[in-house]
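# give me coordinates for this.
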Amino acid sequence: MKLKRLIAYLVSLCLIILITIIGLDYWISYKTAPYIYHDENKLPYRSIGVVLGTSKYVRGGGINGFYRNRIDGAIDLYWQGKVDYLLLSGDNALLSYNEPITMQKDLIKAGIPREAIVLDYAGFRTFDSIVRANKVFDAKNFTIITQEFHCERAIFIALAQGIQAQCFAVPAPQSMKLVRIREMFARVSAFIDLYILNQEPKYLGPVIPIITDER
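This next block holds a predicted model:
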């Protein structure tokens, strides 16, 4: 009898956790929807665009679709005059793996002027990238460039930190099931960081403003 009760409690606990995770996921999507744009023609101008880093290549070989679409989106927004500067924020934990430098090389190949590109080597997580854009690079109101599901978490972080931001959602690859499941847990982690642990980025450092001529 005790074993049956224990199993019942465990099942109930698992259901509660599952419902909480799914509920948080939907709530974040709903809360952030007004700040996300899919049509670049409707995207309001912001002087700074923050490109969130990811690996350029997939494990099996070939270009990562998430990476390619973020770079293409950044290029389009720059040439359409939707942003003046591109802040490339990503992981630089290993000498052989440098997301900001990789992005910079591809943007320069596309004709983006080097002086329009700023590198953030300490964007280890989405949380770090968003908070550092504001606190380190003094971006008051900026456009995030990434896929829609990632936009939602990034904007959620910005809103919780009192940061003004919007997001341009670039296309995502078709194989999204595992990524979307992982995203649900990433959102739980972001919620805990923001509202329970009151986390700060791994590195902050001195303010390095990105000087722009606001329109």
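# Cys151: what's it in contact with?
32, 35-36, 144, 167-169 (C-beta atoms under 8 Å, 6 or more residues apart in numbering). Backbone N, C-alpha and C define where each C-beta goes, glycine included.
# make it 6 Å
If you count contacts by C-beta atoms under 6 Å, 6 or more residues apart in numbering, Cys151 has them with 36, 167, 169.
# I'd like those as TSV, with neighbour count appended.
What follows is those, written out as TSV (neighbours: other C-beta atoms under 10 Å):
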residue	neighbour count
Ile36	18
Cys167	27
Ala169	21
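# quick check, nearest of the residues you listed to Arg132?
Cys167 (16.5 Å; C-beta to C-beta).
# hmm, back to that, and which of the contacts of Cys151 is nearest Gln104?
Cys167 (21.1 Å).
# just checking, Ala133 touches Val50?
Yes. With contact defined as C-beta atoms under 6 Å, Ala133 and Val50 form a contacting pair (5.0 Å).
# okay, these two: which has more neighbours?
Using other C-beta atoms under 10 Å as the criterion, Ala133 and Val50 rank with Val50 on top: 31 against 27.
# how much space between that one and Tyr97?
Applying C-beta to C-beta, to the nearest Å, the value for Val50 to Tyr97 is 20 Å.
# do Asp39 as well
The value you get for Asp39 to Tyr97, if C-beta to C-beta is used, is 34 Å.
# between these two, which one's more packed in?
Shown here are Asp39 and Tyr97; by other C-beta under 10 Å, Tyr97 has more neighbours (13 against 8).
# mind listing what Gln164 touches?
Contacts of Gln164 by C-beta under 6 Å, 6+ apart are Asn141.
# could you pull out the strands for this structure?
In the chain, the segments counted as strands under DSSP state E are 36-37, 48-52, 85-89, 117-120, 141-147, 164-170.
# nearest to Gly62 among the contacts of Cys151?
Gly62 has its nearest neighbour among those in Ala169, at 22.9 Å by C-beta to C-beta.
# run through the residues that contact Leu18.
By C-beta under 6 Å, 6+ apart, Leu18 has no neighbours at all.
# which parts of whichever helix in the chain runs longest are buried?
The single longest helix within the chain, with elements called by DSSP state H, is helix 2-32. Judged by neighbour count (16 or more other C-beta atoms under 10 Å), helix 2-32 contains these buried residues: 24-25, 28-29, 32.
# report the rounded mean pLDDT for that helix.
In this model, helix 2-32 has a mean pLDDT of 91.
# and the angle for that helix with strand 164-170?
Interaxial angle, helix 2-32 versus strand 164-170 (axes from the mean of the first three to the mean of the last three C-alpha atoms, to 10 degrees): 100 degrees.
# distance between helix 2-32 and the chain's centre?
Distance, stretch centre to chain centre, for helix 2-32: 26 Å (C-alpha atoms, centre = their mean, to the nearest Å).
# check stretch 173-189 too.
13 Å.
# could you find the closest non-adjacent residue to Val58?
Asn64 (5.0 Å; C-beta to C-beta, 6 or more residues apart in numbering).
# now the one you found: how far from Asp106?
12 Å.
# and what of Leu3?
58 Å.
# quick one, helices of the chain?
Using DSSP H, helices in the chain cover 2-32, 65-79, 99-109, 126-135, 148-160, 177-195.
# indicate which one of those helices is closest to Ala116.
Here helix 65-79 is closest among the helices of the chain (C-beta to C-beta), at 6.8 Å.
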